[in-house]
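> Sequence and predicted structure, then a few things I'm wondering about:
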Amino acid sequence: MISWPPRLSLAQLPTPVTRVERFPDLPDGVEVWIKRDDLTGTEVSGNKVRKLEFNLAEAQQQGCNAVITCGGVQSNHCRATALLGARLGMKVHLLLRGEQPQIPQGNLLLDQLAGAQITFVSEQQWPQHEAMVRELQEKFAAQNDKAYYIPVGASDEVGLWGYIAASEEIAHDIDRLSLQPDYIVVATGSGGTQSGLLVGAKEFSLPGQVVAFNVSDNAAYFKKKVETDVALWKQRYKTDFDLESLTVKTIEGYLGPGYGVATPEIFATIKQLASSNGIILDPVYTGKAFHGMVQELKKGDQGELPGAKQVLFVHTGGLFGVFPQHEHFKFD
Ligand SMILES: Cc1ncc(COP(=O)(O)O)c(C=O)c1O
């Protein structure tokens, strides 16, 4: 029995679920359905707003009027936080990993439009970013402000609730559409979506196995990250969730050259889904996961998704990350 913590209503929910048609690379006899979490909003589109409904509720409950968070220069999470902070009248300070580009594009442009304060943190300085957060919190306090800290990707025990709640929604989708997915597939970057879905799948008895494609790090990293976050969540919210029942499956092999860098095949898959179904994936997260899923489905029972007849892909957004990478798309 779930006892929900405070939650704000910030996302456009429920998101639709649609079947992929005409995608040429899908093997016969396999249905792919997409949970359109890229449609949780226009400016706040994607998975992060589901987590932030819980993190920002906690911030308000603690009497905070400011938020500090961090991520890459093109972080979807930072963009969602910047815009939601503006929506709620909270001050937002972002620590962005990397150099300041000459022209702000994609997510960074929206961060700036939302009026977020931004500090660019070099790769060398990044290991100290949590110390920088504490300094910033002190600066806020000196001005009689109170700043709430949200770690990278809102992937902590609070943000984890976002995809537990999404799992309840998915349970209704599955009922309504009479689906019976063998797998629920998602991209994993900081682990919070994967963790939430794994817990939620158990809590709401979802059919199928939750599997993730990593877009950074490796399977061992996500096993540890998910197990740690779920254990913290269990301890903090005093749930009776059985930690032993957690099976963290992360499929490797589709990260390509590294986080944020995609191969030509991934750009081709993005183009293919856009032109066949009108759905836009992104080169950092969803494009890699969707591409990996299609490759594994093509391998049939020899692949990582054996016995797949029906798959539910959770589209976690990322649209604004397409624009800064426009030069990698090939058009005839
Ligand atoms: C578009 C998109 N998809 C997937 C993810 C991965 O989610 P998580 O960080 O919860 O693993 C992210 C996270 O940054 C994202 O922005």
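Happy to help now that I have it.
> Identify the residues contacting stretch 131-142?
Around stretch 131-142, the neighbours that count as contacts under C-beta atoms under 8 Å, 6 or more residues apart in numbering are 66, 68, 70, 91, 93, 95, 119, 121, 125, 146-147, 149. The way it works is simple: take the backbone N, C-alpha and C, and place the C-beta from them, glycine included.
> 7 Å instead, please
Residues from elsewhere that reach stretch 131-142, judged by C-beta atoms under 7 Å, 6 or more residues apart in numbering: 66, 68, 93, 95, 121, 146-147, 149.
> Also stretch 272-292?
By C-beta under 7 Å, 6+ apart, stretch 272-292 touches 20-24, 34, 185-187, 189, 213, 215, 251, 253-256, 260, 262, 265-267, 269-270, 313, 315-316, 318-319, 321-322, 325, 328.
> Output the contacts of stretch 131-142 as TSV; include the columns neighbour count, secondary structure and pLDDT.
Shown next, in TSV, are the contacts of stretch 131-142 (neighbours: other C-beta atoms under 10 Å; DSSP: H, G, I helix; E, B strand; the rest coil; pLDDT from 0 to 100):
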residue	neighbour count	secondary structure	pLDDT
Ala66	21	strand	98
Ile68	24	strand	98
His93	24	strand	98
Leu95	23	strand	98
Val121	20	strand	98
Lys146	13	coil	98
Ala147	22	strand	98
Tyr149	19	strand	98
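> what's the farthest-apart pair in those?
Comparing every pair within those by C-beta to C-beta identifies Val121 and Lys146 as the most remote, at 22.6 Å.
> nearest spatial neighbour of Phe204, skipping sequence neighbours?
Ala171 (4.1 Å; C-beta to C-beta, 6 or more residues apart in numbering).
> Now intersect the contacts of stretch 272-292 with the helices, please.
265-267, 269-270 (DSSP state H).
> how much space is there between Asn55 and Ser45?
17 Å (C-beta to C-beta, to the nearest Å).
> surely Phe241 meets Lys234?
Yes: Phe241 lies in contact with Lys234 (C-beta atoms under 7 Å); the separation is 5.1 Å.
> just to revisit the earlier point, give me the subset of the contacts of stretch 272-292 touching the ligand.
Contacts with the ligand within these, counted by C-beta under 6 Å from any ligand atom: 187, 189, 316, 318.
> Now the third one: closest residue in space, sequence neighbours ignored.
Right, Thr316. Thr316 sits nearest to Asn47 (C-beta to C-beta, 6+ apart), 3.8 Å away.
> What of His172?
Nearest to His172 is Pro14, by C-beta to C-beta, 6+ apart, at 7.1 Å.
> Spell out the secondary structure type for the one you found.
Classification of Pro14 using DSSP: H, G, I helix; E, B strand; the rest coil returns coil.
> Shouldn't Thr81 be within a helix?
Yes: counting by three-state DSSP, Thr81 is found in a helix.
> Can you give me the distance of the closest residue to it other than its chain neighbours to the ligand?
Nearest non-adjacent residue to Thr81, counting by C-beta to C-beta, 6+ apart: Thr69, 4.9 Å away. Separation of Thr69 from the ligand (C-beta to the nearest ligand atom, to the nearest Å): 11 Å.
> So what pairs up with Thr69 in the strands?
Leu94, Ile150 (DSSP bridges).
> Val92 in helix, strand or coil?
strand.
> At which residues are the strands of this structure located?
Ranges of strands within the chain are 17-19, 31-36, 66-72, 91-97, 117-121, 147-150, 183-188, 209-214, 249-251, 310-315, based on DSSP state E.
> among those, which is the most enclosed?
Scoring these by mean neighbour count under mean count of other C-beta atoms under 10 Å gives strand 183-188 as the most buried, with a mean of 28.
> Give me the angle between that one and strand 310-315.
Inter-element angle recorded for strand 183-188 and strand 310-315: 20 degrees (by axes from the mean of the first three to the mean of the last three C-alpha atoms, to 10 degrees).
> Strand 183-188 pairs with which strands?
Strand pairing (DSSP bridges) places strand 183-188 next to strand 209-214 (parallel), strand 310-315 (parallel).
> got the contact list for the first one?
Think strand 209-214. By C-beta under 7 Å, 6+ apart, strand 209-214 touches 183-188, 194, 197-198, 201, 222, 249-252, 254-255, 288-289, 292-293.
> change it to 8 Å
182-189, 193-194, 197-198, 201, 221-222, 247, 249-252, 254-255, 288-289, 292-293, 304-305.
> Could I get the average pLDDT for stretch 134-144?
The average pLDDT within stretch 134-144 is 98.
> ok, now stretch 239-254?
96.
> Renumber starting at 149 from here on
Yep, numbering from 149; the last one is stretch 387-402 now.
> show me the contacts for the nearest residue to Ala379 once chain neighbours are set aside.
In this structure, Ala379 finds its nearest non-sequential neighbour in Leu391, 6.0 Å apart by C-beta to C-beta, 6+ apart. Counting by C-beta under 8 Å, 6+ apart, Leu391 makes contact with 375, 378-379, 382.
> Most neighbours of all these, which one?
Using other C-beta atoms under 10 Å as the neighbour test, those are led by Val378, with 23 neighbours.
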